[in-house]
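Trainee: Need coordinates for the below:
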Amino acid sequence: MIVDKLPQQRPRGFTLLELLVAIAIFAVMAALAAVSLNAVVTQQALANENYRELRSLQRSVQILSDDLYQLQPRGVRGLLGQSYELPLIADGRGPYLLRLSRAGWRNPAGFPRATTQRVQYRLDDGALIREYWPVLDAVLSLEPIQEVLLENVALVEFEFLVIENAQSKWESVWPPLRVGASNWPKAVRFAIEIDGLGRIERLIEVPG
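Mentor: Sure thing, here's the model as predicted:
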């Protein structure tokens, strides 16, 4: 009995051309994936930065609003008691935007100090800085403690509402330069403009 032998099939592999085409396709897909991943990482970084700036803005507005909500007509005395500084100053003559006395300074540790605090705000190279003194009087003889609240600040404005003869008027400086003006504002309006975030305004009713 004669059995015919079938021709043996040779295993078929990839040709060099097919391998080169596969490598090229993989390289293109990897490049597209890298570009997409880089775009996602960049967008995530921008979103995180915008979120951080927004949180800083919200916190700064809250701190400034709290200071104005608790304004106190309490001036401060010099080291020897011979000088006196007004409780609220925003006249543009000093290196600060606003200087004030505020109540409600928390003292959970029970230190021997007043609950009224002397605070000032100033703008330094685009940074909004809040400063306060550890004591209420003799503040000019001590260095304030500072905190940078905001960066990239383009503008900070304050206006003060006074009512005279049943008419209201906004003053850009305090105390007002006009003779006979009220010695205490009814409200304070402030505006903060941030590069990239725009402008935000708040109106605060002043106690007393």
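
Trainee: For this protein, name the helix or strand with the lowest mean pLDDT.
Mentor: One helix or strand of the chain scores below all others by mean pLDDT, DSSP states H and E: helix 16-69, with a mean of 81.

Trainee: list the helices and strands that helix packs on?
Mentor: With contacts taken as 3 or more Cβ pairs under 8 Å, 6 or more residues apart in numbering; DSSP states H and E, helix 16-69 sits against strand 98-102, strand 127-132, strand 145-150, strand 187-194, strand 198-205. To be clear about C-beta, it is placed using only N, CA and C from the backbone, and glycine gets the same treatment.

Trainee: Need the contact partners of the third one.
Mentor: Around strand 145-150, the neighbours that count as contacts under Cβ atoms under 8 Å, 6 or more residues apart in numbering are 56-57, 59-60, 63-64, 127-134, 192, 194.

Trainee: redo that, cut-off 6 Å
Mentor: With contact meaning Cβ atoms under 6 Å, 6 or more residues apart in numbering, strand 145-150 is reached by 56, 60, 127-132.

Trainee: Please work out the average pLDDT along that strand.
Mentor: Strand 145-150 shows a mean pLDDT of 94.

Trainee: next helix or strand past it?
Mentor: Using DSSP states H and E, the helix or strand that follows strand 145-150 in sequence is strand 153-164.
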